[in-house]
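Enquirer: I'll drop the sequence and a predicted model, then ask my questions.
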Amino acid sequence: MTEAHTHGAEELCQTGRELYERALLDGRISTAESESAPCLVDLGLLHPALGDLSWLEPVAPSVALHELLRASEARIASEWRRKERLADTLAALTQINTGRPTADSFANKMLSGGEQINQAISRAMAEADQEILSVQPSTHKSQIHAAAQRVSLERDQAMLDRGGRIRTIYQHTQRHVPYVIARYEQLRGDLEARTLDEVTDRLIVVDRSVAFIPVSNTPSVALEVRHPALISFFVTIFERLWRLATPMHPEAVQPRSLNGVPPRQHAIAALLVEGHTDAAIADRLGMNIRTARVHIAKLAATLGSDSRAQLGYLIGQSGILDQEG
């Protein structure tokens, strides 16, 4: 690789951009020409012509973008599953007391019970004046306890009043939940929110110095993390999800429909093709199973499907999963 092309694996250099634009206009470029910009093949923007391997044909930008985003999401999901496995493996060991101090004895703390967890979060936020990053998956509940909501709003507003910033990622299903709407009607300051169809487990990072994550699937047990390497890992995951997410506040953006299929049904279609059950789809997208089945029925009607097996086939034939809005 020449010096001019020693860029990141997921970047497109100027030479590559120019060659790709020409390939799109002409319909192909020679394999010899592509050697000056190997990133084109690495990123899946060019593929060999079926009839003549000495030529390369361009992949449509929308299709290439979809594949690259899907690969990025898969890497994020894999890293997050790794985090969960590590947490499950080491959670019980953190309670072992040998009587000898360790280098990381200060870094992590197990929190048990909603009151202890909320107190720890409040203590951390009381000292915060930079930024709060949080991921809030669906709780499948239409409301939260009024007292808990009031405490959350008060500590968030206090942080904003100190000049801090709050960024939150929700699941799409949370966009119209009453207490989420009320939160953004009441709070004032540097406040942003975005949404994704699927998110990680709950995560709160305070001033990039302390994080709170759940322990396994037990909502009443959390881990307070202060280890710099883990904090950096959590921030990286958040930033990658943030770039993929759809703005919700302050300026909401609704993704465009693809071939007449709304974004929610597009997400369901992708999971149906992967073979997930109705219950699994509902859980991953943060909705109840009845709502998931309503969306599946509407998708079937749109594509003219008479059966579940036919629906999967029609989704594949429709091309809706090969396009980005």
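Expert: Received the coordinates, thanks. Given the structure is predicted, the values throughout are model-derived calculations rather than measurements. Numbers count the residues shown, from 1 in each chain.
Enquirer: so the one residue sitting closest to the centre of the chain is in which element?
Expert: Centroid check for the chain by CA atoms, centre = their mean gives residue 241 as the closest residue, at 3.7 Å. Taking DSSP states H and E as the definition, residue 241 sits inside helix 228-244.
Enquirer: other SSEs contacting that helix?
Expert: Using 3 or more CB pairs under 8 Å, 6 or more residues apart in numbering; DSSP states H and E, the elements in contact with helix 228-244 are helix 61-91, strand 131-136, strand 165-171, strand 190-196, strand 203-206, strand 210-215. Every C-beta, even on glycine, is put in place using the N, C-alpha and C of the backbone.
Enquirer: would you turn these into JSON lines with mean neighbour count?
Expert: Below are those laid out as JSON lines (neighbours: other CB atoms under 10 Å):
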{"stretch": "helix 61-91", "mean neighbour count": "14"}
{"stretch": "strand 131-136", "mean neighbour count": "21"}
{"stretch": "strand 165-171", "mean neighbour count": "21"}
{"stretch": "strand 190-196", "mean neighbour count": "19"}
{"stretch": "strand 203-206", "mean neighbour count": "23"}
{"stretch": "strand 210-215", "mean neighbour count": "21"}
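Enquirer: the helix holding residue 241: what's the following helix or strand?
Expert: Once the chain leaves helix 228-244, the next helix or strand it forms, by DSSP H and E, is strand 246-249.
Enquirer: what's the helix or strand following that following strand packed up against?
Expert: Counting by DSSP H and E, the next helix or strand C-terminal to strand 246-249 is helix 263-273. For helix 263-273, the packing partners by 3+ CB pairs under 8 Å, 6+ apart come out as helix 278-285, helix 289-303, helix 308-318.
Enquirer: and the shortest one, what does it pack against?
Expert: Packing contacts for helix 278-285, counted by 3+ CB pairs under 8 Å, 6+ apart, involve helix 263-273, helix 289-303.
Enquirer: the inter-axis angle of that helix versus strand 190-196?
Expert: With axes from the mean of the first three to the mean of the last three CA atoms, to 10 degrees defining the directions, helix 278-285 sits at 160 degrees from strand 190-196.
Enquirer: follow-up on the earlier one: distance to residue 277 added to the helices and strands packed on helix 228-244, as a markdown table?
Expert: Formatted as a markdown table, the helices and strands packed on helix 228-244 follow (distance: least, CB to CB, whole Å):
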| stretch | distance to residue 277 |
| --- | --- |
| helix 61-91 | 19 |
| strand 131-136 | 25 |
| strand 165-171 | 19 |
| strand 190-196 | 21 |
| strand 203-206 | 27 |
| strand 210-215 | 24 |
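Enquirer: mind putting the helices and strands packed on helix 263-273 in CSV, mean pLDDT and mean neighbour count included?
Expert: Converted to CSV, those look like this (pLDDT from 0 to 100; neighbours: other CB atoms under 10 Å):
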stretch, mean pLDDT, mean neighbour count
helix 278-285, 79, 18
helix 289-303, 81, 16
helix 308-318, 74, 15
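Enquirer: to residue 212, which of those helices lies closest?
Expert: For residue 212, the closest of these is helix 278-285, at 22.5 Å, according to CB to CB.
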